[in-house]
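>>> 3D model of this:
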Amino acid sequence: MSYFGTDGIRGKFGEMPITPEFALKLGFAAGKVLVRTNPKAKPLVVLGKDTRLSGYILEAALQAGLNAAGVYVHLLGPLPTPAIAHLTRALHAHAGIVISASHNPYYDNGIKFFSSEGKKLPDHLQEQINQELEYDIQIENTANLGKSVRVKDANGRYIEFCKSTFPYHFDLRNLKIVVDCANGAAYSVGPAVFRELGAKVVSLYNEPNGLNINEHCGSTHPEQLQKAVLEHQADLGIAFDGDADRVIMVDQFGHQVDGDHILYILATQANNKPAGIVGTVMSNMALELALEAAQVPFVRAKVGDRYVLQALEENNWVIGGEPSGHILTLDKSTTGDAIIAALQVLTVMVEQEKALHELVADFKLFPQVLVNVRLDQMIDPYAVPALVAEFEKAEAQLKGRGRLLIRKSGTEPVIRVMVEGDQQEEVTALANHLAEAVRFHATAA
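Numbers count the residues shown, from 1 in each chain. This is a model prediction of the structure:
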């Protein structure tokens with residue numbers, strides 16, 4: 001059995017596999033693999049978390065398991081996921097572990113591993129950990145136990161790293177920025193980075209209590225940030241999710257600037273054009289057409305930063321991301337980093353001497369309608385010839401100015417029908433028509 005999903009191990013705390021008992025065993029299994037693959041030195045793991053109450057319990061269990069296997073542990077405390085990736089490299093650790101469920105509610109949690117390079121753990125090591133989980137914990141020699149220390153300057157190290165990605169001859173002295181920390185992992189370091197670069201910072205949702213992470217705030221709920229930008233007459237707003245690997249921005253008029261907008265800015269408004277951009281199947285067609293006009297190559301990957309990273313490495317490009325605000329800038333960081341992505345947009349604002357809304361003035365997202373069709377029993381819509389004919393007819397109607405995406409949910413009997421195009425009424429009508437066609441043929445099947 002494999003416990004690892006596309007983004008580590010995740011679930012509701014208290015239910016398998018996110019339990020103290022499993023975390024203890026996982027720490028021991030991972031430790032055994034690291035000891036075996038690094039025979040010449042006692043392995044070192046850095047361990048960080050977000051602000052969920054359950055993180056303290058999972059941290060203690062993982063730490064105990066790793067130490068029992070003979071691994072040294074450096075405890076980083078609450079820090080963004082990309083900070084753990086960076087500090088894994090900076091501290092020359094053999095692996096990094098982050099305890100977080102990202103943008104999920106407080107009652108969920110997760111465990112994700114990074115390699116010594118600050119990237120996703122290779123599949124072969126994940127498989128070895130899975131195999132080790134089949135065995136009971138057995139301490140062979142107490143002289144070989146590991147120990148743990150708390151890294152006291154972890155916050156400062158990461159703040160300085162983030163600031164290093166912003167040009168040294170620029171500053172943010174003329175900007176007032178509202179920063180929504182989602183009561184999550186960036187509650188301390190997020191505002192500090194922008195403040196130390198000279199900005200006047202108004203902090204929102206930076207008082208975590210272990211239960212309020214992502215609660216009506218952060219990148220998945222930017223409504224309060226939009227209000228605050230207007231109330232404080234700020235130049236812009238920045239919202240993170242719970243582990244600060246996603247960012248959504250807001251311009252001075254309260255308009256949302258999502259991941260597609262950010263990719264557009266970095267691809268077309270910066271002084272140096274990138275070699276190419278990776279989006280996903282969910283990226284708006286307006287982005288694809290805008291990049292085509294700017295002669296910047298664009299490819300789509302499957303949804304998920306793992307697949308965006310894979311496509312970037314295959315093409316030897318550095319910038320990619322998702323509409324949700326998960327932005328990768330591989331020339332700056334090894335993983336999606338909300339603070340660093342925001343800093344790259346701010347760099348363009350300063351070098352072009354333009355406000356955020358001016359950078360996206362010529363970029364308008366196409367209307368997009370998503371209809372979830374719940375079925376009694378899942379079908380493959382592309383296995384029904386009559387449905388395929390309907391899809392092809394819709395694609396022909398939208399050719400060159402829109403697209404559709406029909407996909408099955410991976411967790412429930414739902415077909416997701418997404419239609420996108422340059423005319424709102426047409427898109428809505430097509431989405432509803434195709435949804436009804438799916439519903440009809442699923443019932444007939």
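
>>> gap between the longest helix anywhere in the chain and the chain center?
In the chain, ranked by residue count with DSSP state H as the criterion, the top helix is helix 424-444. Centroid separation for helix 424-444 versus its chain: 31 Å, with Cα atoms, centre = their mean, to the nearest Å.

>>> mean confidence score for that helix?
The pLDDT scores in helix 424-444 average 93.

>>> alpha carbons only: can I get it in PDB?
Provided in PDB are the C-alpha atoms of helix 424-444 (Å, rounded to 0.1, in the frame of the first residue of the first chain):
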ATOM      1  CA  GLN A 424     -20.200  35.100 -21.300                       C
ATOM      2  CA  GLU A 425     -23.700  34.100 -22.600                       C
ATOM      3  CA  GLU A 426     -22.300  31.600 -25.100                       C
ATOM      4  CA  VAL A 427     -20.000  30.000 -22.500                       C
ATOM      5  CA  THR A 428     -22.900  29.700 -19.900                       C
ATOM      6  CA  ALA A 429     -25.300  28.200 -22.500                       C
ATOM      7  CA  LEU A 430     -22.700  25.700 -23.700                       C
ATOM      8  CA  ALA A 431     -21.700  24.600 -20.200                       C
ATOM      9  CA  ASN A 432     -25.300  24.000 -19.200                       C
ATOM     10  CA  HIS A 433     -26.000  22.200 -22.500                       C
ATOM     11  CA  LEU A 434     -23.000  19.900 -22.100                       C
ATOM     12  CA  ALA A 435     -23.800  19.200 -18.500                       C
ATOM     13  CA  GLU A 436     -27.300  18.200 -19.400                       C
ATOM     14  CA  ALA A 437     -26.000  16.000 -22.200                       C
ATOM     15  CA  VAL A 438     -23.600  14.200 -19.700                       C
ATOM     16  CA  ARG A 439     -26.400  13.800 -17.200                       C
ATOM     17  CA  PHE A 440     -28.800  12.400 -19.800                       C
ATOM     18  CA  HIS A 441     -26.300   9.900 -21.300                       C
ATOM     19  CA  ALA A 442     -25.100   8.800 -17.800                       C
ATOM     20  CA  THR A 443     -28.700   8.000 -16.800                       C
ATOM     21  CA  ALA A 444     -29.200   6.100 -20.100                       C
END
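
>>> buried residues in that helix?
The neighbour-count check on helix 424-444 (16 or more other Cβ atoms under 10 Å) flags 426-427, 430-431, 433-435, 437-439, 441-442 as buried. Using the backbone N, CA and C atoms, a C-beta is placed for each residue, glycine as well.

>>> out of those residues, flag the one nearest to Pro167.
Set against Pro167, the nearest of the buried residues of helix 424-444 by Cβ to Cβ is Val427 (40.7 Å).

>>> could you tell me the end-to-end distance of stretch 86-103?
End-to-end distance of stretch 86-103 (Cα to Cα, to the nearest Å): 20 Å.

>>> scratch that, stretch 269-279 is what I was asking about
End-to-end distance of stretch 269-279 (Cα to Cα): 17 Å.

>>> I'd like the buried residues of helix 424-444 as a markdown table, with distance to Asn372 appended.
Below are these laid out as a markdown table (distance: Cβ to Cβ, whole Å):
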| residue | distance to Asn372 |
| --- | --- |
| Glu426 | 20 |
| Val427 | 16 |
| Leu430 | 16 |
| Ala431 | 11 |
| His433 | 15 |
| Leu434 | 12 |
| Ala435 | 8 |
| Ala437 | 15 |
| Val438 | 10 |
| Arg439 | 11 |
| His441 | 16 |
| Ala442 | 13 |
